[in-house]
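Visitor: sequence-free structure coming up:
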Ligand SMILES: *[C@@H]1O[C@H](CO)[C@@H](O)[C@H](O)[C@H]1NC(C)=O
């Protein structure tokens, strides 16, 4: 009996460990997303948007959940050889957890997954001149993430039909970074 209990106990501990600590995939607490972030991985089925001159190739500075349930996203990116600051206010739509923001057309934004102390993944649908493209972004609390997480991200992109060759790793690629 004692042995059985010990086994059960171990199973619980192990199962808990495998659960990638505190990954949340719905009902996000947006206030916990507030703070500094680094853009680490970008993926799109319209590759030109995330290449060097691409509209969506930008680097996050911070996310701020506003009191009125809008989301403020602060970025910088290189535009015509100069580092420029970009601030977006994403308003929540009638659909809970779905945000809208105008940039390079219209964007519908959702959070796909988050571990508030480590990373969060954004999923954008961009509508521009009748063309619809997807953009998936991984932001990290630190300027780098584990290989394991990168694989997890690739898998998620694959589930959305975005191939591995359409994933860009921006670790150490920030042209406006001071360090
Ligand atoms: C929320 O507040 C921000 C900043 O004051 C503002 O820009 C934005 O339009 C507001 N959103 C809504 C839905 O009123």
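Guide: Sure, I can see it. Remember, it's a predicted structure, so these values are computed and weren't measured experimentally.

Visitor: residues touching the closest residue to residue 56 other than its chain neighbours, list them.
Guide: Distances taken as CB to CB, 6 or more residues apart in numbering put residue 49 closest to residue 56, at 4.3 Å, once the chain neighbours are dropped. C-beta coordinates here come from the backbone N, C-alpha and C atoms, glycine included. Residue 49 sits next to 55-57, 104, 126, 133, 135 when contact means CB atoms under 8 Å, 6 or more residues apart in numbering.

Visitor: which ones among the residues you listed also lie next to the ligand?
Guide: Among the contacts of residue 49, no residue lies close to the ligand (CB under 6 Å from any ligand atom).

Visitor: dump those into CSV; add secondary structure, pLDDT and distance to residue 169 as well.
Guide: As requested, the contacts of residue 49 are exported to CSV (DSSP: H, G, I helix; E, B strand; the rest coil; pLDDT from 0 to 100; distance: CB to CB, whole Å):
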residue, secondary structure, pLDDT, distance to residue 169
55, coil, 96, 19
56, coil, 97, 15
57, coil, 97, 12
104, coil, 97, 22
126, strand, 98, 21
133, strand, 98, 20
135, strand, 98, 15
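
Visitor: show the average pLDDT along stretch 87-96.
Guide: Stretch 87-96 carries an average pLDDT of 97.

Visitor: what's the neighbour count on residue 173?
Guide: 14 (other CB atoms under 10 Å).

Visitor: and for the one 3 residues further on?
Guide: Here the number of neighbours of residue 176 (other CB under 10 Å) works out to 14.
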